[in-house]
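Student: Structure, please.
(3 chains)
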Amino acid sequence: MRLLSRAGRSLGRTLLQAVPTVLGIVVLNFLFLQLVPGDAADVIAGESGSATLESMEALRRQFGLDQPVLVQLLSYLDHLAHFSLGFSPRYNMPVGELIMSRLPFTLLLMVSAFTLSLVLGIAFGTLMAAFARRWPDRLLSVLVLVLYSAPGFWVGLMAIVLFSVKLGWLPSGGAMTIGADLSGWPAIADRLAHLALPSFSLACFFIAVYARLTRSAMLEVERQDFVRTAQAKGLSAFTIQTRHVLRNALIPVTTVAGLHLGNMLGGAIVVETVFGWPGMGRLALDAVMARDFSVLLGVLLLSSFVVIFANVFIDLLHAWLDPRIEAH
Amino acid sequence: MSSDTTRAASLPLFVPKSRRGLAALLLGHPTFAAGLFIFAIVVLLALGADILYPGDPQDMVGPPLLWPFADMEYPLGTDSLGRDVAAGLVHGARVSLIIGFSAAAIGLVIGTLVGAAGGFFGGYVDNILVRLTELFQTVPTFLLVIVIVAIGEPSLPVMAAAIGIASWPTIARLVRAQFRSLREQDFVMAARSLGYSDARIIFVEILPNALPPVVVTASVMVAGAILTETGLSFLNMGDPNLVSWGSMIGGGREMLRTAWFLTALPGIATALTVLALNLIGDGLNEVFNPRMRER
Amino acid sequence: MMVLTSWGGEAASGRSASVWRRSALAALLLGAAILLPQASPAGAATVTMVQATEPPTLVSLTNVATTALAVSAKVTEGLLEYDEKLDPKPLLATAWDVSPDGLTYTFKLRDGVKWHDGKPFTSEDAAFSIDLLKKVHPRGKTTFANVSAIETPDPLTVVLRLSKPAPYLIKAFAPAETPIVAKHIYAGTDPASNPNGNAPIGTGPFKFKEWARGNYIAYERNDDYWGKPDPKVDQLIVKFIPDAAARSIAFESGGVDFGYRTPVALSDVERLKALPNLKFETKGASYSSNVTRLEFNLDNEYFKDPRVRQAIAHAIDRNVIVKTIHYGLATPTSSPIAPGLAQFHDPAPSPYAYDLKAAAKLLDEAGLTPKDGRTRFHLTLDYNPITTEGRRLAEYIRASLARIGIAVDLRAQDISAFVRRIYTDRDFDFVVNGASNLFDPTVGVQRLYWSKSFQKGVPFSNATHYSNPEVDRLLEQAAVENDPKVRVELFRKFQEIVGKDIPDINLVSPTFLTLHNVRVHDLVTTADGAEGNLAHVNVK
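Tutor: Below is the predicted model:
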């Protein structure tokens, strides 16, 4: 019950704090619109390889670009006040619908990468702490450092060469095999096969981060008194590690994980391009290239909400992990 | 002067009193030494780029798509236009280091100023700056960099500025936390009672003591800046007049099946450099925080 | 977060464990919902086309991005289609007649054609479409400029009345270029925002089924197609794969069946040619030939002097460009009219052959001697970012001009900034650009050299700001000249003058290849190849 009421209060506070952030994002997006050279009509003319004065004017009228700057800003804000993300004249559909069509893929990629990185990271970190300073620790440390240092998309490219080109085990891109009559278990297997490499590329760096964090936090905690007490009580090493040490070590890990969630969208841009993954990272990039600011704003807002709510979730997780911590 | 003694008292313990001290330091931290060594090699190669491979690395000098070691005149092979891969790697090192350091410097300056102002003054100044920091943190970093580069044009200074502008929030949070704890300490009260101005207190008294974790983070920022530049150049948003490791990876992308060394070699170079920087960062962390040393 | 549920510990954990179990179950269900795709009917004959990027719309009415042209004709047809030599063949029109004075075009339309929503196709639709295209199509205004009236004497006849002859007009009716849309869908609406652009209704062999944004478009067989028993496939899927290497892999593994405009990286073509399950086709690319050129800003202080332009022309070797940048898949051309438009193309070589000494001499004569012994002056070179070859060509030009003492800096930008810089701000020295000749020089080439087409803010108009009254006269006459022989001569003189004046240097015409799996047959039957309606395609 306490947890629930805490959740409610956190949520309320968060929503209130979100308002200035939302306004800030709208203003930022708007500044981009003014400062970036060229507009959506230029893009379409460039892609078409042809244009006339009338066609350019018609495009600008359609996109609302012939309106004075302040009117455009006010129309943004007006849409937001009505909880609508506006309409994209380039894609000719509501921004919300456009985002919804790409959101499942982004969620799939981010959740799987996140889960993979936490699971592998914590597992590696635990192993490294358990064998501290002996050869398994040293070996894993080197591997972890390489994962930390190599560009994620480059690891993805090398993985394509190995697993896709040389071994032929995994597909080299896309989210699924389209047009094939798959359903049930083969369909899930197909999707997972397509997910494996992009997910791993995105997760690489974070596996290393969590592994290092877990290792240092566990070694730190192990020296504390309550662990010696548990040992004196005669609890097995395994129980001590998992029940007590790991649980406390997870606090810094989850804090950092929460911070990273927001940045996953940025990192996903390059991974999505390498693997042709139809996610929101590429949508955001396309929106910048196409000067489609309603779509860009929609993606930015969504990303900021994800970050804000992830932080609330992390706070609650901390409160559950260590009741001494007051969720503030 | 009282500020000198307090400053000396809070300096980290590692300042080597003799050359034997420095050698002992390096021996005691082998990974730190390894990182410094690798990084020194990269820096030397970058500095010597014009001596080792004079001229423009973008010149088409040899037959295209030679594999490494096939022709010892081009020991690391050539790309699809016949450009020497080794020349590209060496000149690319220069680009990566310049961008890495300048972007980190910009981020450090902005972040330190914002964090110091917020941490020291508190109140509504702090409130506004914290909101600003949060705003920049919720916008995906890479996207922000792309937009800033689109506003300017893809050139080295613009990219460095863009990466710096996108990365200051981390430093700001760190510096703010440091200032908030340090401003309550005795030496600050002493300085105030002596009538020192705010500016003097911030820059002369508190800042030097706040620096250790910032220095550690700086090495990570350089690494992050190099990785971001690699991503940008890979997406063809880099400076077209320069060869960088990212542009080499991007250029080799379409030949992934047959000439995958074009992608592998610059990636390895990037990974090694970033690795070295991370080892240096870890080493500095161990040295500044001896509590964290393991059993 | 399975790790977390394994702990017991405090009393609260019992309840939280069940919360975790329920959340895990919910996550699994959500994952299953995301993972399970819709299954398609078993045993369907499916053919898959690959495109690098997604089109902004599925009907090339107000937007003629090449990505839109690729898919439009499958659903929305045109009055005519054309064979390899650009001679018209029937499609929605079964017979056509051009009066001897070239001012009256009569089209007899096909009977019994229905729109995908069941309504009949009549001359009202054809007339409405041409009128709409004249108003909103990016090229329609110029293509149909001389059309002063459109009549529909009966439901199967449409007559175009022209104020002046338009000798190119009969070639303009390919389905992707001049789409015939339904009047009952577009009348009274804003054509750009009409939802038909996202879910089109047409007369074509394929019906629109589904568009998964960023992923693929699915079309299904139109069982009531007028060209029965066509189409011979049940499903057409258009897949978007932005990475060139991934496209190669998709072709090799059979993940996609065909693509056009050379859908793989040029460096990969040789390797793929050797594979037994793939075939390259040069036909089916004659409706739209491209020319890559180096355009000078004639308002620039250096390029005002023709000697500087000539020197640069002497310093560029087109054969090297064909070989190293296009991997042999291009034809050198010093004429703005591509070799693909064989009727008009003048194969005479440029008066400025590759000769570095001549180049240096011209620059010395122009008074631009090397200051520090090496560099004469500096220039900035922009390049159109839409193709990958653009940047490589710019790099080659930089290297070439370095040899005659001109230091060149490249400048990169995305397409929006590029268009703004070149055509609105005119803030450039010279630029690597390309444009399509389209189906006739008057439609594709005139806009680049006609002084009256110079308009700030209009992309792909006269970027150089070239103005030559004799060229204007030749172009204006050729635009309305009915006699084909006279027209050829007019264009020959035009090419000669422009070749001498060199407001721009025409370099090469890229060869566009269509790549398909050997199981696909009858893919290329018209001049526009895979850009056509694909009614005859079948798979074995």
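
Student: For the rest of this, base every contact and every neighbour count on C-alpha atoms.
Tutor: OK.

Student: Got the confidence number for residue 254?
Tutor: All of this is about chain A. Looking at residue A:254, its pLDDT reads 73.

Student: that's the other chain; I wanted chain C
Tutor: In this prediction residue C:254 is given a pLDDT of 82.

Student: Please, which helix or strand holds the closest residue to chain C within the stretch 201-328 of chain A?
Tutor: Going by Cα to the nearest Cα, chain C is nearest to residue A:278 of the stretch 201-328 of chain A, at 5.0 Å. Using DSSP states H and E, residue A:278 sits in no helix or strand.

Student: In contact with the closest residue to it other than its chain neighbours, which residues?
Tutor: Among residues not flanking residue A:278 along the chain, residue C:214 sits closest, at 5.0 Å (Cα to Cα, 6 or more residues apart in numbering or on different chains). Going by Cα atoms under 8 Å, 6 or more residues apart in numbering or on different chains, residue C:214 touches A:102, A:278, A:279, C:54, C:240.

Student: show me what contacts the second one?
Tutor: When you say that, I think you mean residue A:278. A:102, A:105, A:106, A:174, A:175, A:272, C:213, C:214, C:215.

Student: Relative to residue C:419, how far out is residue A:38?
Tutor: According to Cα to Cα, to the nearest Å, residue A:38 and residue C:419 sit 7 Å apart.

Student: Could you check which of those two is surrounded by more residues?
Tutor: residue C:419 (28 against 23; other Cα atoms under 10 Å in any protein chain shown).

Student: which is the next helix or strand following the helix or strand hosting that one?
Tutor: Residue C:419 belongs to helix C:415-419 when assigned by DSSP H and E. Next along the chain after helix C:415-419, taking DSSP H and E as the criterion, comes strand C:430-438.

Student: what about that following strand and chain B, touching?
Tutor: No. Contact of strand C:430-438 with chain B (Cα under 8 Å from any Cα of the partner chain) is absent, the minimum separation being 14.0 Å.

Student: Against which helices or strands is the helix or strand just after that strand packed?
Tutor: Next helix or strand after strand C:430-438 toward the C-terminus (DSSP H and E): helix C:441-444. Judged by 3 or more Cα pairs under 8 Å, 6 or more residues apart in numbering or on different chains; DSSP states H and E, helix C:441-444 is in contact with strand C:430-438, helix C:469-480.

Student: And the shortest one, what does it pack against?
Tutor: Strand C:430-438 sits against strand C:289-296, strand C:377-383, helix C:388-402, helix C:441-444, with contacts defined as 3+ Cα pairs under 8 Å, 6+ apart.

Student: In JSON lines, list the ones you listed along with mean pLDDT and mean neighbour count.
Tutor: Formatted as JSON lines, the helices and strands packed on strand C:430-438 follow (pLDDT from 0 to 100; neighbours: other Cα atoms under 10 Å in any protein chain shown):
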{"stretch": "strand C:289-296", "mean pLDDT": "95", "mean neighbour count": "24"}
{"stretch": "strand C:377-383", "mean pLDDT": "95", "mean neighbour count": "19"}
{"stretch": "helix C:388-402", "mean pLDDT": "92", "mean neighbour count": "20"}
{"stretch": "helix C:441-444", "mean pLDDT": "92", "mean neighbour count": "21"}
